[in-house]
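Chemist: just need the structure, nothing else, for what follows:
(chains A, B and C)
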Amino acid sequence: MTFDQILFYVFSFWFIASSLAMIFSRNAAKAVLFLILSFFSAASIWILLEAEFLAITLILVYVGAVMVLFLFVIKMLNIDKSTLRAKFAGYLPLGLLVAAIIIAEMTLVLGGNQFGLDVIAAPARHAADYSNITVLAMQLYTTYIYPFELAAVLLLIAIIAAITLVHRNESTRKKQSISEQVSVQAKDRMRLVSIASPKKENK
Amino acid sequence: MIDNIKKLVKDFSLSELRGGMKITAKELINKKITVQYPEEKTPISPRFRGLHALRRYPNGEERCIACKLCEAVCPANAITIESEMRDDGTRRTTQYDIDLFKCIFCGFCEEACPVDAIVETQIFEYAFVGSRDGNDNTKGQFGSIITKDQLLEVGDKNEKMITQTKLEDAKYK
Amino acid sequence: MMVLWQSFVELVHELMPWYDGSIATILIILIKAIALVMPLMLVVAYFTYAERKVIGYMQLRIGPNRVGPKGWLQPIADALKLMTKEIIFPTKANIYLFLLAPILAIAPAIAVWAVIPFDEGIYVANLDISLLYVLAIGSIGVYGIILAGWASNSKYPLLGALRSASLLVSYEIVIGFALVTVVMIAGSVNLNDIVMAQKGGILHWYWIPLFPMMIIFFISALVETNRAPFDVVEGESEIVGGTHVEYSGMTFAVFFLAEYANMILMAVLAVIMFFGGWHSPFEGIPFMESMFAWVPGIIWLLAKTTFFMFLYLWIRATFPRFRYDQIMRLSWKVFLPWTIAWIFVVALMTQLKIGPWF
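Modeler: Residues are numbered from 1 along each chain as shown, chains lettered A, B, ... in the order given. Model prediction:
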């Protein structure tokens, strides 16, 4: 066994173990932490596959930003477990059916007979100066430029939609205007008046 | 309009931030004013009101005549006095306690005293040791309640300083 | 010596029969890591001393001067004190996460240093995507603070963690965009290549075409490292000590180390990105270049970094703390539009080939 393979099995083990732990952990915050661990394992496996740009992007975007927001939300929520469990029992048959369908589909599409070295040859190892990011950029900005731009526009629309949804009833809300506060100057708030001092009378 | 442009220029050149940093940079090289306490000390006014002391006359007789004016005037009720007649017919204190936790160091006791017995010295570096009554009289240590013997001891030790400061202050009284 | 080495090699092969690489590789990696981490920790220790001295001087005080000559042993004394102090666990805290938090804070703070180039060819790892690595690993550091706040099971740490989470997510975007402009000019995300692209004296460094980005990057770095005037995460006067409230002894010291290691990292990153890394500022100036030719590159890098580290202290001594919502506004309504606008400016400059940078 080569060092690469050892690493692959270690990372795969952690990936599967942490994913299972994520599903079965009762505590939402712990589940998020296990999800982060499984992201890391996935990123490590991608690095073994010479896809270091994707691996780093996975960490940067999902671990660095999305999961932080997840934790943020979990802290804000006070999840009532009893109602959750009651609902869980109610949805169990439907959930099992969906799970069975998904598993069946995945075995058909991603089953062992679709992959393996006899079906698809192992990709050639690249030289040390092979730059994954350059190759990816070339592909993205030439062959796949339109899908790439479309995805970007979609994201932009999503951002605008999110902001619009939050910003309704703008006029009825009471809020501070920080830019006004920041740009305030002394003469806006204070008026210096010179008052004639009273004459000194009988000494 | 002109004001707005002026403000924009001022904002984007970060002029206020630079002004603030200029001040701190200037202070960085200015002379430091730290007093390195145990080695250096700031001057103390002769009117400074520190630890109390009971004084004696030059012949060794204690001044206090147990008139209890200090006890009466004390706004914090920190002074407790018991007295008796001595064999020579004079009235003297048997107990003269000052609770230093209660004391607010206002100096009224000193003002009230008709014989200049109770005074406040310039001593401020002292510590309370042990329980309320203090434990070890031999080392000059005392608890939060300082007794007559200890007050007299403070007075005996610092008589020179007390006379000196009272003399300095006398001309302003 | 040779016998010792032989037995060591045998031992390693015995323990790791699958490892067919040379033992020297492992040893070299280990030595490199130690050679990086040990001085880093020492610098962190003395940075705290410098901070207390500089801020003291700016407030007309003289700072620590009792332990050792001129107080030089103060950080050592502090470290000893923190090491020997008791670690207190809050009764209802989640102990595992409570202890995991400082580890999660310090590990990324040190791991990031692996890709920082100190001189031509002096680095632990020359990653092709080292800038992205720095950003990615740097963004993990926030988990230490968030977990500390959550695991402490206490209100002030939780408030601090909430502030930290939202601040870091906001300012990571700004830092990312500010650094994109550098990447656009240098044409690489490799820190080595970015420094090499700035060769040729002070006028060739990127701080001239990217001056607003440099300022935005530095201010964002202050926020990312929870430094004054943006230290709302700790906010002694508002939320007591934020995420650090429940931590004592060595667990607190580890947070401290992580915070200061991150500060130094941000200073080095500013130098690498905008101030030509290890290049001498006098390159290309006829007389000065030969005069300063003997100075090794690492000295230039450290000198520039020291200036930025001093700037951290200078700013802390000068400005009062921002209000939390003002910091958020600064990120989303001021910095982000500016960085995005400057990306277009840089694109234009690149196309028109202005100056010596493109």
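
Chemist: CA atoms for contacts and neighbours, from now on please.
Modeler: Will do.

Chemist: in the longest strand along chain B, what's buried?
Modeler: Across chain B, the longest stretch assigned as strand under DSSP state E is strand B:91-99. For strand B:91-99, burial by neighbour count (16 or more other CA atoms under 10 Å in any protein chain shown) applies to B:92-93, B:95-99.

Chemist: now that strand: average pLDDT?
Modeler: Taken as a whole, strand B:91-99 has a mean pLDDT of 87.

Chemist: now for that strand, which elements pack on it?
Modeler: Counting contacts by 3 or more CA pairs under 8 Å, 6 or more residues apart in numbering or on different chains; DSSP states H and E, the secondary-structure elements packed against strand B:91-99 are strand B:79-85, strand B:145-146, helix B:148-157.

Chemist: ok, it: who's next to it in the sheet?
Modeler: Taking DSSP bridges as the criterion, strand B:91-99 forms sheet pairs with strand B:79-85 (antiparallel), strand B:145-146 (antiparallel).

Chemist: distance from it to the middle of the chain?
Modeler: Counting by CA atoms, centre = their mean, to the nearest Å, strand B:91-99 is centred 21 Å from the centre of its parent chain.

Chemist: most packed of the helices and strands packed on strand B:91-99?
Modeler: Between these, the one whose residues have the most neighbours on average, counting mean count of other CA atoms under 10 Å in any protein chain shown, is strand B:145-146 (a mean of 22).

Chemist: what angle separates the longest strand of chain B from helix B:148-157?
Modeler: Calculated by axes from the mean of the first three to the mean of the last three CA atoms, to 10 degrees, strand B:91-99 forms an angle of 90 degrees with helix B:148-157.

Chemist: before we move on, back to that, rank the strands paired with strand B:91-99 by mean pLDDT and give me the bottom one.
Modeler: Among those, strand B:145-146 carries the lowest mean pLDDT, at a mean of 83.

Chemist: and which of the buried residues of strand B:91-99 is nearest A:Tyr9?
Modeler: Proximity of the buried residues of strand B:91-99 to A:Tyr9 (CA to CA) peaks at B:Asp99, which lies at 76.0 Å.

Chemist: before we move on, back to that, output the helices and strands packed on strand B:91-99 as CSV; include the columns distance to C:Ile34.
Modeler: As requested, those are exported to CSV (distance: least, CA to CA, whole Å):
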stretch, distance to C:Ile34
strand B:79-85, 67
strand B:145-146, 59
helix B:148-157, 61
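
Chemist: what's the burial count for residue 106?
Modeler: Picking chain A for this. Residues contacting A:Met106 under the criterion other CA atoms under 10 Å in any protein chain shown number 11.

Chemist: actually chain C
Modeler: Burial of C:Ile106 is recorded as 21 neighbouring residues (other CA under 10 Å).

Chemist: how much space separates it from chain B?
Modeler: C:Ile106 is 31 Å from chain B, where distance means CA to the nearest CA, to the nearest Å.

Chemist: name the spans of the stretch 1-150 of chain C whose pLDDT lies under the cut-off.
Modeler: Within the stretch 1-150 of chain C, the set of residues satisfying pLDDT under 70 comprises C:1-2, C:4-5, C:8-9, C:12-13, C:16-24.

Chemist: helix or strand: which one has the residue of it found nearest chain A?
Modeler: For the stretch 1-150 of chain C and chain A, the shortest gap (CA to the nearest CA) falls at C:Ala136, measuring 4.3 Å. With elements taken from DSSP states H and E, the one containing C:Ala136 is helix C:130-151.

Chemist: how far does that helix sit from its chain's centre?
Modeler: Using CA atoms, centre = their mean, the offset of helix C:130-151 from its chain centre is 12 Å.

Chemist: for that helix, name the packing helices and strands.
Modeler: helix A:52-58, helix C:95-111, helix C:155-186.

Chemist: hmm, who's touching stretch A:95-114?
Modeler: Among residues not part of stretch A:95-114, those counted as contacts by CA atoms under 8 Å, 6 or more residues apart in numbering or on different chains are A:Val119.

Chemist: what angle sits between the helix holding C:Ala136 and helix C:155-186?
Modeler: Using the same axes, to 10 degrees: helix C:130-151 against helix C:155-186 is 170 degrees.

Chemist: right, and the helix or strand after the helix or strand where C:Ile315 lies?
Modeler: Assignment of secondary structure by DSSP H and E places C:Ile315 within helix C:297-318. In the C-terminal direction, the helix or strand that comes right after helix C:297-318 (DSSP H and E) is helix C:324-329.

Chemist: quick one: mean pLDDT over that next one.
Modeler: Per-residue pLDDT over helix C:324-329 has a mean of 85.

Chemist: that helix close to chain A?
Modeler: Yes. Judged by CA under 8 Å from any CA of the partner chain, helix C:324-329 and chain A are in contact via C:325-326, C:329.

Chemist: how about JSON lines for the residues you listed, with neighbour count added?
Modeler: Putting the residues of helix C:324-329 next to chain A into JSON lines (neighbours: other CA atoms under 10 Å in any protein chain shown) gives the following:
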{"residue": "C:Asp325", "neighbour count": "13"}
{"residue": "C:Gln326", "neighbour count": "15"}
{"residue": "C:Arg329", "neighbour count": "15"}
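
Chemist: need the residues you listed in TSV with distance to C:Met263, can you?
Modeler: Rendered in TSV, the data for those read as follows (distance: CA to CA, whole Å):
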residue	distance to C:Met263
C:Asp325	23
C:Gln326	22
C:Arg329	23
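
Chemist: nearest to chain A among the residues you listed?
Modeler: Closest to chain A out of the residues of helix C:324-329 next to chain A is C:Gln326 (6.6 Å), distances taken as CA to the nearest CA.

Chemist: distance-wise, check the closest one relative to B:Ile79.
Modeler: Between C:Gln326 and B:Ile79 the distance, using CA to CA, to the nearest Å, works out to 56 Å.

Chemist: returning to that earlier point: out of the helices and strands packed on helix C:130-151, which is the most enclosed?
Modeler: Per-residue neighbour counts averaged over each of the helices and strands packed on helix C:130-151 give the maximum for helix C:155-186, namely a mean of 22 (mean count of other CA under 10 Å).
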